[in-house]
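Novice: Just a sequence and a predicted model for now, questions to come.
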Amino acid sequence: MTVPLSILDLATIGKDQTAAESFAGSVAMAQLAEKLGYRRVWYAEHHNMSAIASSATSVLIAHIAAHTKSIQLGAGGVMLPNHSPLTIAEQFGTLATLHPGRIDLGLGRAPGSDQNTLRALRRDPMSSDSFPQDVLELQGYLSGPTRIPGVEATPGKGTNVPLYILGSSLFGARLAAQLGLPYAFASHFAPNALRDAVAVYRREFKPSAQLDAPYVIAGVNVVAADSAAEAQSTFRETLRARVSLFFGNGRVFTDDEADMILDSPQGQHVGQMMKYSAIGTPDTVLEYLNEFTAHADADELIVAHQNTGVEGRLRSVELLAEVAGLVRV
C-alpha cells in the first residue's frame with residue numbers, strides 16, 4: 001500500500017449474536033489491528049439499529065483502549081448535533097487523559113438515526129444548522145481558548161484531541177477546509193460525491209494550528225478471503241444483512257426474500273451504497289485498494305471489513321495486512 005490503512009469497526013451484532021459478543025469481537029479486532037500495523041480503529045455513533053452496537057461511542061472506545069496498548073482509537077464519528085460540545089469535550093478529554101496521544105475525535109452532523117429516534121434523543125431537528133459553531137466551541141474546550149467565557153472542560157482543557165470532519169457531501173469538505181482540519185469521506189456507504197468533495201477540500205484548504213496541509217481519509221469496504229468464491233459469498237451475505245437492517249423493521253428476511261429485494265429497484269440502492277468495495281483474494285483486494293487510493297486522492301484509507309461473523313472479519317483484517325506489507329508491532 002502507498003498510504004496507511006486504518007479500520008472502521010461497525011461493532012456489528014451478527015445473527016444469533018449478542019451485543020456482548022460483538023464487543024468481544026471488537027476487542028479482538030483492535031488487538032489484531034494493533035499487532036499487524038494498522039494505524040487506527042474508529043467507531044461510529046448509530047442509534048436504534050439492532051445490528052450495530054456502537055451507540056455509546058466514547059464508552060466503547062474506553063473499553064477498547066483499556067484492552068490495547070498503542071493503536072490510535074477514536075470516533076468515526078460522533079454526531080455532534082446529538083450532544084452539547086461541552087459533554088463531548090469532557091468525554092474525549094477524559095479518554096485522552098487516560099490514554100495520552102491515542103485518541104481521535106471525528107465529527108459528523110447527521111443524526112445517525114431515523115426521525116423517531118431523533119426525537120427520542122431529545123434532539124432539536126434544527127441543531128445540525130449550528131454544526132460549524134459547535135465544532136469551534138468544542139475545539140475551544142479541547143485546545144483553547146474557550147469560546148464560552150468562564151466555562152472549561154475538565155478533563156479536556158489542554159488535551160488537544162485532534163479533530164476530524166466527517167462527511168459525504170460538499171458541506172463537510174468546505175467546513176474541513178475552512179477550519180484547517182483533516183477530512184474523512186464516508187465513501188464506504190455514501191459514494192456519490194467522493195471526488196467532488198475531495199477536490200473542493202484540497203482546493204479550499206486553509207492551514208491551521210492542527211494541520212498545515214490537506215489530509216484526506218477515504219472509507220472503503222473490504223472482503224478479503226482465501227478464495228474469490230468465499231469472498232463473493234461473504235459479500236452477498238453482507239448485502240442480505242443490510243436488507244434486513246434497512247427494510248426489515250425488526251424482521252430478518254430469508255436469503256430468498258433478501259435476494260428478491262436486492263434485485264428490485266429499491267434494493268439496488270443497497271448495492272449502490274457499497275459501490276466502493278474490494279472483494280476477493282488478497283492480491284485482488286490490494287490491486288483494488290491501490291486504484292481506489294488514486295481515484296479518491298486519499299492520504300489514508302479507513303477500511304470497513306465486511307463479514308457477518310467475527311472470525312471472517314478477523315481473517316479479512318489479517319489477509320489485508322499481510323498483502324499490504326503492514327509492519328507488525
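Specialist: Structure's in. What do you need? Numbers count the residues shown, from 1 in each chain.
Novice: For Q133, grab the count of nearby residues.
Specialist: 11 (other CB atoms under 10 Å). From N, CA and C alone the C-beta is placed, and that goes for glycine too.
Novice: and it, how far is that from P207?
Specialist: According to CB to CB, to the nearest Å, Q133 and P207 sit 21 Å apart.
Novice: So for the lowest-mean-pLDDT helix or strand in the chain, what gets flagged as buried?
Specialist: None of the helices or strands of the chain scores lower by mean pLDDT, DSSP states H and E than helix 115-120, at a mean of 84. By neighbour count on 16 or more other CB atoms under 10 Å, the buried set for helix 115-120 is T117, L118.
Novice: From the chain's centroid, how far away is the very next helix or strand once past it?
Specialist: With elements assigned by DSSP states H and E, the helix or strand that comes after helix 115-120 is helix 131-143. Its chain's C-alpha centre and that of helix 131-143 lie 20 Å apart, by CA atoms, centre = their mean, to the nearest Å.
Novice: what's in contact with the helix or strand just after helix 131-143?
Specialist: Under the assignment DSSP H and E, the closest C-terminal helix or strand after helix 131-143 is strand 163-167. Strand 163-167 has contacts (CB atoms under 8 Å, 6 or more residues apart in numbering) with 74, 76-77, 104-109, 135, 138-139, 142, 172-173, 175-176, 179, 181-186, 197, 210, 217.
Novice: Take those and keep only those in strands.
Specialist: G74, G76, G77, D104, L105, G106, L107, G108, Y183, A184, F185, I217 (DSSP state E).
Novice: from those residues, which single one is nearest A96?
Specialist: L105 (8.8 Å; CB to CB).
Novice: burial of that closest one, as a residue count?
Specialist: L105 has 28 nearby residues by other CB under 10 Å.
Novice: That one reaches P162, doesn't it?
Specialist: Yes - counting by CB atoms under 8 Å, L105 does reach P162; the two are 6.9 Å apart.
Novice: And the strands in the chain, which stretches?
Specialist: Under DSSP E, the chain gives strands at 5-9, 40-43, 72-79, 103-108, 163-167, 183-185, 216-224, 277-280, 300-305.
Novice: Pick the most buried one from those strands.
Specialist: strand 183-185 (a mean of 29; mean count of other CB atoms under 10 Å).
Novice: Check the offset of it from the chain's centre.
Specialist: With CA atoms, centre = their mean, you get 10 Å for strand 183-185.
Novice: residues in contact with it?
Specialist: The contact list for strand 183-185 (CB under 8 Å, 6+ apart) reads 76-77, 106, 164-168, 172-173, 176-177, 194, 197-198, 201, 214-219, 296, 302.
Novice: For stretch 273-284, measure first residue to last.
Specialist: 21 Å (CA to CA, to the nearest Å).
Novice: hmm, who's touching it?
Specialist: By CB under 8 Å, 6+ apart, the list of residues contacting stretch 273-284 from outside reads 187-191, 194, 219-228, 231-232, 235, 238-239, 242, 285, 288-289, 292, 306, 319-320, 322-323.
Novice: and what of stretch 148-162?
Specialist: Outside stretch 148-162, the residues touching it (CB under 8 Å, 6+ apart) are 86, 89-90, 92-97, 103-105, 137, 140-144, 146, 182, 210.
Novice: filter these to the buried ones?
Specialist: 86, 89-90, 92-96, 103-105, 137, 140-143, 146, 182, 210.
Novice: Pairing partners for W42 in the sheet, please.
Specialist: Beta-bridge pairing of W42 under DSSP bridges involves L8, G74.
Novice: can you pull the contacts of it?
Specialist: Applying CB under 8 Å, 6+ apart, the residues near W42 are S6, I7, L8, D9, L73, G74, A75, G76, G77, D104, G106, I302.
Novice: any idea how far L286 is from it?
Specialist: 22 Å.
Novice: With M29 instead?
Specialist: From M29 to L286 the distance is 20 Å (CB to CB).
Novice: for A184, same thing?
Specialist: Counting by CB to CB, the gap from A184 to L286 is 22 Å.
Novice: Touching, A197 and L170? I think so.
Specialist: Yes - using CB under 8 Å, A197 is in contact with L170, at 5.5 Å.
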